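Undergrad: Model the structure of this input:
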Amino acid sequence: MRVLITGANRGLGDVITKQLLRTNIPLTLHLTARDLSVFDHSKYTSTTSTISYHQLHLDEENPANVSALINALPTFNHIFHIASPWNKTNLQQAALADLLAMTTCQRNELLVLTQLSKKLIEGGSLIAAGSIVSTI
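TA: Residues are numbered from 1 along each chain as shown. The predicted structure follows:
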């Protein structure tokens, strides 16, 4: 069974990844993070599964780079789209540059979800729990 988990390096994505690996069901896991150096490979070990890592930036300025990553992926039985951008700026005081960055993330979020939906095998599932988060 092939599974993709975006934002797998922390939070909900990290928990889902660890739970799937504990099942001992043979899986081919594809995990994404915006920075591949954040993965602690010792946390993601399995004798029955194979794991590959991919870099996915939702704040990528060039949507062709996002598309290229998604297009290079195989089809999946299940997709957990957990990746979420985090804006460190208070929304009420956000500068134009911050708002434009959020807009870029939203565009890429729509692109990712649209393209990932085409990567599902018949009967597969796509669970999208990503969101744009900021302080208020």
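Undergrad: any chance you could map the strands in the protein?
TA: 2-6, 28-33, 50-55, 76-81, 86-90, 120-128, 133-135 (DSSP state E).
Undergrad: measure the nearest residue to residue 27 once chain neighbours are set aside to residue 36 for me?
TA: What sits nearest to residue 27 in space, not counting adjacent residues and going by CB to CB, 6 or more residues apart in numbering, is residue 49, at 4.1 Å. (C-beta placed from N, C-alpha, C; glycine too.) In this structure, residue 49 and residue 36 are separated by 18 Å, where distance is defined by CB to CB, to the nearest Å.
Undergrad: For the two, work out which one has more neighbours and name it.
TA: Neighbours around residue 49 and residue 36, counted as other CB atoms under 10 Å, are more numerous at residue 49. The numbers are 18 against 13.
Undergrad: Looks like the more buried one contacts residue 21 (just checking).
TA: Yes: with contacts counted by CB atoms under 8 Å, residue 49 reaches residue 21, the gap being 6.2 Å.
Undergrad: Mutual contacts of those two, please.
TA: Common neighbours of residue 49 and residue 21 are listed as 27, 29 (criterion: CB atoms under 8 Å, 6 or more residues apart in numbering).
Undergrad: The longest helix belonging to the chain versus strand 2-6: what angle between them?
TA: If each helix of the chain is counted by residues according to DSSP state H, the longest one is helix 96-117. Here helix 96-117 runs at an angle of 170 degrees relative to strand 2-6 (axes from the mean of the first three to the mean of the last three CA atoms, to 10 degrees).
Undergrad: Rounded mean pLDDT for helix 96-117, please.
TA: Regarding helix 96-117, the rounded mean pLDDT is 91.
Undergrad: From the contact counts, what lies against it?
TA: Using 3 or more CB pairs under 8 Å, 6 or more residues apart in numbering; DSSP states H and E, the elements in contact with helix 96-117 are helix 63-72, strand 76-81, strand 86-90, strand 120-128.
Undergrad: Now for residue 54, how many residues are close by?
TA: By the other CB under 10 Å criterion, the neighbourhood of residue 54 contains 16 residues.
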